[in-house]
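**Q** Predicted model and sequence follow; I will ask about them next.
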2 protein chains.
Amino acid sequence: MDSTAGRRPTVKDVARIAGVSQGTVSNALSGMRGVDPETRQRIDQAIATLGYIPNLAARRMRTGRTNTIAVMTSMPAAVSAGSSRLGFLMEIAASAAIHALDYNSALVLVPPVADPAVALRHVAMDGAIVIEPQTDDAFLLLLKRRGVPVVVIGQPASVDLPWVDMHYYRTAEMLLAHLLTQGARRIALIVGTSSRVSHHVTLERYESWMLLEGIPPCVIYVPEADGEDGSYRATLDLLRSNPDIDGIFASIDAFASGVMRALRDMGRAVPSDVRVVTRYNGLRAREERPALTAVDLHLDQIAALATRLLMDLIAGREIERITAGPIPSLVVRGSS
Amino acid sequence: MDSTAGRRPTVKDVARIAGVSQGTVSNALSGMRGVDPETRQRIDQAIATLGYIPNLAARRMRTGRTNTIAVMTSMPAAVSAGSSRLGFLMEIAASAAIHALDYNSALVLVPPVADPAVALRHVAMDGAIVIEPQTDDAFLLLLKRRGVPVVVIGQPASVDLPWVDMHYYRTAEMLLAHLLTQGARRIALIVGTSSRVSHHVTLERYESWMLLEGIPPCVIYVPEADGEDGSYRATLDLLRSNPDIDGIFASIDAFASGVMRALRDMGRAVPSDVRVVTRYNGLRAREERPALTAVDLHLDQIAALATRLLMDLIAGREIERITAGPIPSLVVRGSS
DNA sequence: TGCCTTGAGTAAAACGTTTTAATGCGCGAC
DNA sequence: GTCGCGCATTAAAACGTTTTACTCAAGGCA
């Protein structure tokens, strides 16, 4: 009668077969302490014959480490998931998952849902990457309460956390410069209502530049949660009240989709009547006809950077509070 | 002197403050057994004052449940991740992550890397969704060894596992019918070399139909790992040896990108000289110029279905071995 | 009244690992 | 010869939950 019948083999079984103690097996497994080569071989042998697989839950409970990081954003699904549910979040997640492997970690994908507490209830993690948090971001508050190390992609508004700079200012500048170069004179900015640094910086750069150019600024605020439709309606209103608009800067790609639809419905040609640019070079920017001029933020590199920083933070190494991400590059397309 | 100083509060602390035993706190938390309303309130009170957060690792160790599912595919990154790293895998992952929440579960994203054993080393899961496995799929073998419940998206080749039917046959039929309707007569099929049911079925339908139409079949095999470049070279060869080709069915979107590049380089116009279609309606299909006719596989619905099935399986409920996914729909674009 | 059931509660065991403190042993230095 | 040291090893503790087996009191029923 095999005493391991039915059960999955444990360290205890391995120890018994190899004729050593549990502790020695553990040492052989982790390599933390010296084990005699001959002993180690016996242990490896036992592991192979038993088909032993470590119980990760027990290991995690004992060590307190989960070898897991999480990626999340409080951007509402209407804009962060968007058409085909792909976008910003997923692009970063894909890259982070690959790079997390280099640090023996798995990545859990926290979907953008209404209640962050629900989303995090069953997520155990050593650290988290939070994308473009808003002021008093629910995810950041929860993570802080739990004491989870965090690296932010984009600039956090209120809290003091390490972050990867996505060059909001420069991005806005590139897009505005491009619109002006292409001949746009009456440029409108469509921006989300939530309090995010990306919005503030974009808005600030827009307003200061318009002032400089002597162009009356025209800013439209749309709640992120209203997504494409909200932007559609706002653009219709905009064009009725300001028919001379000849350039539109949509700060979120879902908004850009609404803008394009509104322009089509109003019979405005793009780019001849109105030039349109947006920030995130995602599915929507590419699929739109004409395709949208946008900015390649190099999210894969940003995610790789954020992952590395987070791992350093978790390991207790000192990291800079601000890390510059790759310089974004303009992708000029038919819409401008 | 507070005895909870430094430590994070545990069930023991909560029990002490509330004046009950650990077991009662656990019962109140899980709702598994009756707890007097008045007692429950005292416990809730204690939890609030202490800021108690359950230790998930301990819970998992005790219950054996991780409240986590994983999504993975053995498709090489060259084709599964593709341009911008988005695509098939991520589209399914995004949807599965959201639906997993309905079952109090988190989703871990297992990236497509060379060594599946490495990718899974630190992943604890109650079940897994495996996308389009190949014959003797490394992920499936590992999962089987671990005894992890699995639901397959697409048809598994060798093993007997529950799966969600993506209608390979019908998909191939739709694309072929479309090419023929559009006037293509010499149709070539570009397919991966790995042994996957999707390839076999597509190939089978292609050959039988070509036989029926009296068209000599022309199949090109490209290793998935060679991705777009491999397809590019294969297409150049194809067009040199078979200059009368007027239709190309690329079974993988990365291959379609290579096809389009080759056609451009050879000076063939799309769609007038050659019509091109592909299967997965991802970023590549949409970004290509002209955009590619493709098939909307409704991956979000498929992922939702697979998630539900997996949860049923984990819960020990009986599930069908085969579940029909949504019927794919043709998305006609400029390339045909 | 006596017996059985039910419901709330408790003390202790159990989950499988890593870590700690202790042990024994061989070996070089004194 | 003995002391001290380093090294491999061990037995037992510890991690924080859930579950088990048990107690006790209250209440229904014959």
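**A** Yep, that arrived. Since the structure is predicted, the reported quantities are computational estimates derived from the model, not experimental observations.
**Q** Close to DNA strand D: what parts of chain A are there?
**A** For chain A, the residues in contact with DNA strand D (C-beta under 7 Å from any atom of the strand) are A:19-24, A:27, A:33-36, A:38-39, A:61-62. In this view, the C-beta of every residue, glycine as well, is placed from N, C-alpha and C.
**Q** wait, residue A:227 sits on residue A:253?
**A** No: look at residue A:227 against residue A:253 with C-beta atoms under 8 Å: they stay out of range, at 10.4 Å.
**Q** Any stretches of chain A with poor pLDDT?
**A** Low-confidence segments of chain A (pLDDT under 70): A:1-6, A:78-86.
**Q** Which residue is it, in it, that comes closest to DNA strand D?
**A** residue A:34 (2.3 Å; C-beta to the nearest atom of the strand).
**Q** List the backbone torsions phi and psi for that residue.
**A** When read as degrees, to the nearest 10, the backbone of residue A:34 gives phi -60, psi 140.
**Q** quick one, what contacts it?
**A** residue A:27 (C-beta atoms under 8 Å, 6 or more residues apart in numbering or on different chains).
**Q** I'd like to know how far it sits from chain B.
**A** With distances taken as C-beta to the nearest C-beta, to the nearest Å, residue A:34 is found 23 Å from chain B.
**Q** how about the strands of chain A, start to end?
**A** A:68-73, A:106-109, A:127-131, A:150-153, A:163-165, A:187-192, A:218-222, A:247-250, A:275-280, A:293-296, A:322-324, A:329-331 (DSSP state E).
**Q** So which of those is nearest residue B:213?
**A** strand A:329-331 (42.4 Å; C-beta to C-beta).
**Q** strand partners of the closest one, parallel vs antiparallel please.
**A** Strand A:329-331 sits in its sheet next to strand A:293-296 (antiparallel), going by DSSP bridges.
**Q** For the partner strand, which outside residues touch it?
**A** In contact with strand A:293-296 (C-beta under 8 Å, 6+ apart) are residues A:171, A:174-175, A:178, A:253, A:275-282, A:285, A:328-336.
**Q** Would you map the helices across chain A?
**A** For chain A, applying DSSP state H gives helices covering A:11-18, A:22-30, A:37-50, A:56-63, A:77-80, A:88-101, A:116-120, A:138-146, A:168-181, A:197-213, A:227-241, A:253-266, A:283-287, A:299-314.
**Q** As CSV, the ones you listed with mean neighbour count would be great.
**A** Output for these, formatted as CSV (neighbours: other C-beta atoms under 10 Å in any protein chain shown):
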stretch, mean neighbour count
helix A:11-18, 20
helix A:22-30, 18
helix A:37-50, 15
helix A:56-63, 18
helix A:77-80, 23
helix A:88-101, 26
helix A:116-120, 17
helix A:138-146, 18
helix A:168-181, 19
helix A:197-213, 17
helix A:227-241, 19
helix A:253-266, 23
helix A:283-287, 23
helix A:299-314, 22
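**Q** Any idea which of those helices gets closest to residue B:12?
**A** helix A:56-63 (15.0 Å).
**Q** want to try CSV for the strands of chain A, with mean neighbour count as columns?
**A** As requested, these are exported to CSV (neighbours: other C-beta under 10 Å):
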stretch, mean neighbour count
strand A:68-73, 28
strand A:106-109, 27
strand A:127-131, 25
strand A:150-153, 24
strand A:163-165, 22
strand A:187-192, 24
strand A:218-222, 18
strand A:247-250, 28
strand A:275-280, 27
strand A:293-296, 23
strand A:322-324, 12
strand A:329-331, 15
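**Q** circling back to that earlier point, determine which two of the residues of chain A next to DNA strand D are furthest apart.
**A** Longest span within the residues of chain A next to DNA strand D, C-beta to C-beta: A:38 and A:61, 31.5 Å.
**Q** dump the residue contacts of residue A:169.
**A** So residue A:169 contacts A:201, A:205 (C-beta under 8 Å, 6+ apart).
**Q** Near chain B, which residues of the stretch 201-336 of chain A are found?
**A** Applying C-beta under 8 Å from any C-beta of the partner chain, we find that the stretch 201-336 of chain A lies next to chain B at A:283, A:286-287, A:291, A:300.
**Q** do that again at 6 Å, thanks
**A** Neighbours of chain B within the stretch 201-336 of chain A, by C-beta under 6 Å from any C-beta of the partner chain: A:283, A:286-287.
**Q** how many neighbours does the nearest residue to residue A:156 once chain neighbours are set aside have?
**A** Of all residues not flanking residue A:156 in the chain, residue A:133 sits nearest, at 5.3 Å (C-beta to C-beta, 6 or more residues apart in numbering or on different chains). For residue A:133, the neighbour count with other C-beta atoms under 10 Å in any protein chain shown is 31.
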